[in-house]
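Enquirer: got a predicted structure here, sequence first:
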Amino acid sequence: MNPLDLAAAAGQSPQSAQQALGYPALFVLVALGALVPVIPTGALVSSAAVVAFHHQSPPFGVLLVVGVAAVAAFTGDIALYWLGQRGVRSRGGSRWLKRLRGRATPERLEQAQTKLDEHGVLVLVVSRLLPAGRIPVMLACLLAELPLRRFAHGDAPACLAWAAAYGLIGILGGSLFSEPWKGVALAVVLTLLISAGPALWRWLRPDRSDGAAGPV
């Protein structure tokens with residue numbers, strides 16, 4: 001190998017190393033985020049998509065980010081559902097089932113149960129795309145004693161749609177700015193606004209219970 005080839009290989013190795021470490025890290029973080037809701041997985045996927053948009057040949061890099069994120073989210077969901085099933089089947093429950101119950105208000109759980117009865121596992125797709133919609137529907141599936149295989153059939157397209165949606169946010173951020181960090185910042189802001197949107201809407205919406213009475 002001549003010196004020019006060696007120089008080219010040396011220049012490519014750091015980027016290749018970052019890619020080799022980046023995708024496993026993305027998988028682990030998204031899978032953990034599905035189990036423990038302290039990791040902003042949507043912002044993570046969008047940011048990874050921005051970086052892939054700038055540093056890899058489109059659309060291969062973004063598609064790979066979406067694929068890794070979808071598989072990771074599916075893995076985390078299946079693990080959480082399996083742990084929840086163990087709690088449903090045991091007399092004393094489990095800490096995982098208690099955590100799921102604690103993250104779903106009775107009103108949201110009742111709505112999720114109604115949607116599950118009406119639409120079946122297809123409601124999982126919508127629940128993944130709505131902020132704070134995943135856990136109530138998953139809990140409704142657990143309480144309905146939905147088999148793991150049937151849950152997986154609905155959750156797989158749900159995770160793919162979720163990853164694709166946040167991947168598109170990353171493409172938007174990457175295409176608007178030539179500098180990756182600006183695209184990442186925009187993607188993070190957009191994902192945080194999406195996550196906080198429902199809570200902000202409920203806070204800004206006037207309380208209808210205090211309104212005037214209707215016509216008698």
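Expert: Received, thanks.

Enquirer: quick one: low-confidence ranges for this protein?
Expert: Residue ranges of the chain with pLDDT under 70: 1-21, 57-58, 90-94, 177, 181, 194-216.

Enquirer: what about the strands in it?
Expert: Assigned by DSSP state E, the chain shows no strands.

Enquirer: list the contacts of the nearest residue to Glu145 once chain neighbours are set aside.
Expert: Nearest-residue entry for Glu145: Val88, 6.7 Å, with adjacent residues in sequence omitted and distances by Cβ to Cβ, 6 or more residues apart in numbering. All C-beta spots, glycine's among them, are computed from the backbone N, C-alpha and C. Applying Cβ atoms under 8 Å, 6 or more residues apart in numbering, one finds that Val88 lies in contact with 97, 142-143, 145.

Enquirer: nearest to Leu172 among these?
Expert: Of all those, Leu172 sits closest to Leu142, with 35.3 Å by Cβ to Cβ.

Enquirer: mind checking how far the spatially closest residue to that closest one that is not a sequence neighbour is from Ile135?
Expert: Distance criterion Cβ to Cβ, 6+ apart; nearest residue to Leu142, sequence neighbours excluded, is Gly84 at 4.6 Å. Note on Gly84: its distance to Ile135, by Cβ to Cβ, to the nearest Å, is 10 Å.

Enquirer: find residues that contact each of the two.
Expert: Leu100.

Enquirer: just want to know which of the two has more residues nearby.
Expert: Using other Cβ atoms under 10 Å as the criterion, Gly84 and Ile135 rank with Gly84 on top: 25 against 20.

Enquirer: isn't the more buried one right up against Met138?
Expert: Yes. Gly84 lies in contact with Met138 (Cβ atoms under 8 Å); the separation is 7.1 Å.

Enquirer: what's the overlap in contacts for those two?
Expert: Contact criterion Cβ under 8 Å, 6+ apart; residues shared by Gly84 and Met138: Leu100.

Enquirer: Gly167: neighbour count?
Expert: The number of residues packed near Gly167 is 27, by other Cβ under 10 Å.

Enquirer: quick one: contacts for the residue nearest to it when sequence neighbours are not counted?
Expert: Closest residue in space to Gly167, ignoring its immediate chain neighbours: Val66 at 4.2 Å, by Cβ to Cβ, 6+ apart. Residues in contact with Val66 (Cβ under 8 Å, 6+ apart) are 45, 49, 160, 163-164, 167.

Enquirer: which residues of this protein fall in helices?
Expert: Along the chain, counting by DSSP state H, helices occupy 3-35, 41-55, 60-89, 95-102, 106-119, 123-129, 134-143, 148-176, 180-204.

Enquirer: gap between the third one and the chain center?
Expert: Once both centres are worked out by Cα atoms, centre = their mean, to the nearest Å, helix 60-89 turns out to sit 9 Å from its chain's centre.

Enquirer: span of stretch 53-60 from start to end?
Expert: 9 Å (Cα to Cα, to the nearest Å).

Enquirer: kind regards, and thank you for your time.
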